[in-house]
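> the amino acid sequence is not available; the structure is as follows:
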Ligand SMILES: C[S@@+](CC[C@H](N)C(=O)[O-])C[C@H]1O[C@@H](n2cnc3c(N)ncnc32)[C@H](O)[C@@H]1O
């Protein structure tokens, strides 16, 4: 952490670490810090927790999680420039237990993780006004492909896997997960994989 500063004291303080165009995206597309606090404390109850953020943006959720808990956070992000900017900030403020990886989430095995965070990442394929920038491909076919792959992976996870979803409806998560609690007017949902 940079001496004398706390980037996690407010969203605007955190966002100010990034270029203006990222700050503008953050308001709509990246998790607010109070939501990240509640979600990360659920996903990483102890130091053995390994949390993956599917569609990590510039890493706001992962960075906040590593600050607020003792768990390990990995962000998977398709946009190369988000990962480059995010990893620079991680280094600059000296955060530990957090990394951003540039790839499509379909290339990774989420079995390597104990917990999953998901902020409706595929939505920009459906609502083109929600597109973050022109650095990725979008289509309803991609939405369907990503969603089917994600649900298949969720169903294959072991009993006890923790999942936090933000801005997702109850029916969008398979019945193999039990909804435990909701916060922030129901926008944040905390789930666990049933036996
Ligand atoms: C709504 S933002 C959420 C960012 C971050 N999780 C947070 O809460 O601060 C969704 C992100 O998912 C990424 N994304 C969408 N589809 C993806 C895919 N198939 N693989 C990897 N990243 C993806 C987008 O590029 C975007 O940065």
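Cool, the structure landed. Because the structure is predicted, anything quoted here is derived from the model rather than measured.
> roughly how far apart are residue 32 and the ligand?
Between residue 32 and the ligand the computed distance is 9 Å (CB to the nearest ligand atom, to the nearest Å). The way it works is simple: take the backbone N, C-alpha and C, and place the C-beta from them, glycine included.
> burial measure for the residue in the chain that the ligand sits nearest to, as a count.
In the chain, the residue that lies nearest the ligand is residue 55 (2.3 Å; CB to the nearest ligand atom). Residues within reach of residue 55, counting by other CB atoms under 10 Å, total 24.
> the ligand contacts on the chain?
For the chain, the residues in contact with the ligand (CB under 6 Å from any ligand atom) are 29-31, 53, 55-57, 60-61, 76-79, 82, 104-105, 119, 121-122, 132, 136, 146.
> what about the strand or helix carrying residue 87, distance to the chain center?
Assessed by DSSP states H and E, residue 87 sits inside helix 80-93. Averaging C-alpha positions (CA atoms, centre = their mean, to the nearest Å) puts helix 80-93 15 Å from its chain's average.
> quick one: contacts of it?
Residues outside helix 80-93 that contact it (CB atoms under 8 Å, 6 or more residues apart in numbering): 1-2, 7, 17-19, 22, 56-59, 62-63, 75, 77, 98-102, 135.
> check stretch 9-24 too.
In this structure, residues lying in contact with stretch 9-24 by CB under 8 Å, 6+ apart are 5-8, 26-27, 32-33, 58, 60, 63-64, 82, 85, 89, 92-93.
> which residues does the residue of the chain closest to the ligand contact?
Contact analysis of residue 55 by CB under 8 Å, 6+ apart lists 76, 77, 78, 105, 118, 119, 121, 122.
> mind listing what's buried in the helix holding residue 87?
For helix 80-93, the neighbour count (16 or more other CB atoms under 10 Å) marks 82, 83, 85, 86, 87, 89, 90, 93 as buried.
> which SSE is immediately downstream of that helix?
Sequence-wise, the next helix or strand downstream of helix 80-93 (DSSP H and E) is strand 98-102.
> mind listing what's buried in that next one?
Per 16+ other CB under 10 Å, strand 98-102 contains these buried residues: 98, 99, 100, 102.
> how about the nearest residue to the first one, chain neighbours excluded?
Just to be clear, that refers to residue 98. Nearest residue to residue 98 in three dimensions, chain neighbours excluded: residue 66, at 3.9 Å (CB to CB, 6 or more residues apart in numbering).
> for the residue nearest the centre of the chain, name its beta-bridge partners.
The structure's the chain has its C-alpha centroid closest to residue 53; by CA atoms, centre = their mean the separation is 3.5 Å. Residue 53 forms beta bridges with residue 75, residue 117, as assigned by DSSP bridges.
> since that was my last question, I'll sign off now.
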